[in-house]
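1. just need the structure, nothing else, for what follows:
(2 chains)
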Amino acid sequence: MSPTTTASPPSTGRTGDRIFSGLSKGAGIALLAIMAAIAVFLTARAVVAIRANEGNFLTTFEWNANADPPVFGIAVLLFGTVASSLIAMLLAVPVAVGIALFISHYAPRRLATPIGYVVDLLAAVPSIIYGLWGALFLVPRLTGLYEWLDQFFGWTGVLSYDGSPARSLMTVGILLAIMILPIITSVTREVFLQTPKANEEAALALGATRWEVVRMAVLPFGRSGVISASMLGLGRALGETMAVATVLSPAFLINLSLLESGGATFAQNIASQFKEAGSMGRDALIASGLVLFLLTLVVNGAARLIIARHKEYSGAAA
Amino acid sequence: MAKRIDVNGLNAYYGGHKAIEDITLHVEPRSVTAFIGPSGCGKSTFLRTLNRMHEVTPGGRVEGEVLLDNENLYGPGVDPVQVRRTVGMVFQRPNPFPTMSIYDNVLAGVRLNGIRYSRSQLDDLVEKNLRGANLWKEVKDRLHKPGAGLSGGQQQRLCLARATAVEPDVLLMDEPCSALDPISTLAIEDLIDQMKSRYTIVIVTHNMQQAARVSERTAFFNLAGVGQPGRLIEVDATDKIFSNPSEKATEDYISGRFG
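-> Purely as a prediction, here's the structure:
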């Protein structure tokens, strides 16, 4: 073979390399540019509104952004968003981990595959459909449960109930739990399936039962995966708009009794008020959107911290 | 307490495929028996039938009996989980639990037994088994660091300590040195020599020098052809197998004429 023919393939390869590296670099820069554009837009508009605000942005319990002078605060929104998302996490994570374990380690294959499909299908349902289902099906059926909860746990204050329609933060939380179930389940299932066979066999050979194998090898291996999956779910719960707006009967107040209607969330509040808002009203809503953005950022950062702390013990080192 | 193993007419299957056929073998307590043979001859499969790990593989199935001091492991009502607590196993690749510290790895099996030990009893157990695995001096200052941070040879010795911590009657080793360097291999072989006074040890190896060095008896497995089940060709004193085997196939294999 002549030297020219051996030299030619690398040269075309280099052109391909240049094109590919240019493309990937461009994509990376575009992503940063979009993030920066969003951040700049949100901050610029938010600053205008916060400057004009006569109330305290963090502690005021009302939202009169269209009034002159505008008075608004995010306390109610923050409470509603965090409360409903926490309820959703508390309900969804254990169930999702259970389903994922069942699919990955307990169910026979002919059962595991269809269940996996159904779970993935849940993720494909549009959120407005969840909202309609929640408002028309779930709300009337939850009053009974809430009365029961009130009877036994009403003394806590958090679970007391006045018999109003169940368009409350608790109902929103339950609905959000169903909505974030598939994403948490499918991510944790993938992680559990990647448990090294060698570790499962090690546990079995020590005389571990199936549950003990799960506890010794599968759950510790999957812990950081479960945390990331939960954070993905939490991200969705924090930002969910249509389903919340359809189910919740909003009221701009903090009602510590989570079963009773009232409350508001960031995304729901923006969706409900945006159309009727004037210029200042819109800027105020954008300011609240910025807070939601920061909240999601903090949640993700916290998740990364938790994962990093366990890195030494992660399966990646094996 | 070391126990004797008597295998009678054992067949093992993967689904419809018969992997080993009609194996009858006796192993004395407090001895080392080596299984040798070409790849695919079923020696690892056979080893895994001795602690009921074979049936963990989907489609894995066993016929025949394995007697541990005259108790059939495959008898009705025998719990495979209990079997595995009395027959320990060390695998080809070191597999300490990556999420556990060295200390917790040693105790992983002990904690399954549900007996409550005091802190000092646990400390003693860890020290005793790590000393037994010749690992104590190397790790005593980092017992609470992850086991995955050790070298391959250290990890394998950690796995040995984990297996011995539950005080099994039998120790099975599936090519325990094939992923290790010569020095680590020597360390494991020394350990086998020390441990045979307390356990019945069965070791699968591809390394015939290793079989000659560590074992008292050697069993040679072979298969007639691809897709055929593996069979036990002969089992005898290790000296005899390596100097004057009864079967032609054994001689061909150990002299390197095939396999």
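2. counting contacts, what elements does the lowest-mean-pLDDT helix or strand in chain A pack onto?
-> Here the helix or strand of chain A ranked lowest by mean pLDDT, DSSP states H and E is helix A:3-52, holding a mean of 84. With contacts taken as 3 or more Cβ pairs under 8 Å, 6 or more residues apart in numbering or on different chains; DSSP states H and E, helix A:3-52 sits against helix A:279-309. C-betas here are computed from N, CA, C, even on glycine.
3. hang on, the earlier thing: centre of the chain to the least confident helix or strand of chain A, how far?
-> 27 Å (Cα atoms, centre = their mean, to the nearest Å).
4. next, the angle helix A:279-309 makes with that helix.
-> Per axes from the mean of the first three to the mean of the last three Cα atoms, to 10 degrees, the angle that helix A:3-52 makes with helix A:279-309 is 130 degrees.
5. so after helix A:3-52, what's the next helix or strand?
-> strand A:63-64 (DSSP states H and E).
6. name the helices or strands packed onto that following strand?
-> strand A:71-72.
7. any idea how far the strand it packs on is from the chain center?
-> 28 Å.
8. cool, and stretch A:237-247?
-> Computed by Cα atoms, centre = their mean, the chain-centroid distance of stretch A:237-247 equals 11 Å.
9. what's the average pLDDT for that stretch?
-> In this model, stretch A:237-247 has an average pLDDT of 92.
10. run through who's touching it.
-> Applying Cβ atoms under 8 Å, 6 or more residues apart in numbering or on different chains, the contact partners of stretch A:237-247 are A:81, A:84-85, A:88-89, A:127-128, A:130-132, A:134-135, A:138-139, A:167, A:171-172, A:175-176, A:179-180, A:265-268, A:270-272, A:292, A:295-296, A:299.
11. from those, list the buried ones, please.
-> A:81, A:84-85, A:88-89, A:127, A:130-131, A:134-135, A:138-139, A:167, A:171-172, A:175-176, A:179-180, A:265-268, A:270-272, A:292, A:295-296, A:299 (16 or more other Cβ atoms under 10 Å in any protein chain shown).
12. from the residues you listed, which ones fall inside helices?
-> Members of those lying in helices (criterion: DSSP state H): A:81, A:84-85, A:88-89, A:127, A:130-131, A:139, A:171-172, A:175-176, A:179-180, A:266-268, A:270-272, A:292, A:295-296, A:299.
13. so which of the residues you listed also contact chain B?
-> Filtering these for proximity to chain B by Cβ under 8 Å from any Cβ of the partner chain leaves nothing.
14. up against chain B, what does the stretch 101-250 of chain A have?
-> Taking Cβ under 8 Å from any Cβ as the contact definition, the stretch 101-250 of chain A meets chain B at A:196, A:198-199, A:201-209, A:212, A:216-217, A:220-221, A:223.
15. neighbours of residue 124, just the number please.
-> I'll assume chain A. 7 (other Cβ atoms under 10 Å in any protein chain shown).
16. sorry, should have said chain B
-> A total of 12 residues lie near B:Asp124 under the criterion other Cβ under 10 Å.
17. likewise B:Tyr74?
-> B:Tyr74 has 17 neighbours, counted by other Cβ under 10 Å.
18. B:Asn113 too?
-> Look at B:Asn113: counted by other Cβ under 10 Å, it has 13 neighbours.
19. check the one 5 residues further on too.
-> In terms of burial, B:Ser118 registers 8 neighbours under the definition other Cβ under 10 Å.
20. residue in the stretch 101-250 of chain B nearest to chain A?
-> Residue nearest to chain A within the stretch 101-250 of chain B: B:Gly109 (3.7 Å; Cβ to the nearest Cβ).
21. got the contact list for stretch B:102-114?
-> Here stretch B:102-114 has contacts from A:202-203, A:206-208, A:212, A:216, B:85, B:88, B:96-97, B:100, B:117, B:122, B:125-126, B:129-130, B:139, B:142-147, B:150, B:158, B:161-163, B:165-166, using Cβ under 8 Å, 6+ apart.
22. again, 7 Å this time
-> Residues outside stretch B:102-114 that contact it (Cβ atoms under 7 Å, 6 or more residues apart in numbering or on different chains) are A:206-208, A:212, A:216, B:96-97, B:100, B:122, B:125-126, B:129-130, B:139, B:142-145, B:147, B:158, B:161-162, B:165-166.
23. one more: stretch B:129-140?
-> Residues from elsewhere that reach stretch B:129-140, judged by Cβ under 7 Å, 6+ apart: B:Ile102, B:Val106, B:Glu127, B:Gln154, B:Arg157, B:Leu158, B:Leu160, B:Ala161, B:Thr164, B:Ala165, B:Ala187, B:Leu191.
24. repeat the analysis, applying 10 Å as the threshold.
-> B:101-103, B:106-107, B:110, B:126-128, B:143, B:145, B:147, B:149-151, B:153-167, B:187-188, B:190-191, B:194-195, B:198 (Cβ atoms under 10 Å, 6 or more residues apart in numbering or on different chains).
25. which among these end up buried?
-> Among the contacts of stretch B:129-140, those buried by neighbour count (16+ other Cβ under 10 Å) are B:101-103, B:106-107, B:110, B:126, B:143, B:147, B:149-150, B:153-167, B:187-188, B:191, B:195, B:198.
26. pull the number of nearby residues for whatever residue of the stretch 1-150 of chain A ends up closest to chain B.
-> In the stretch 1-150 of chain A, the residue that lies nearest chain B is A:Arg109 (8.3 Å; Cβ to the nearest Cβ). By the criterion of other Cβ under 10 Å, A:Arg109 has 8 neighbours.
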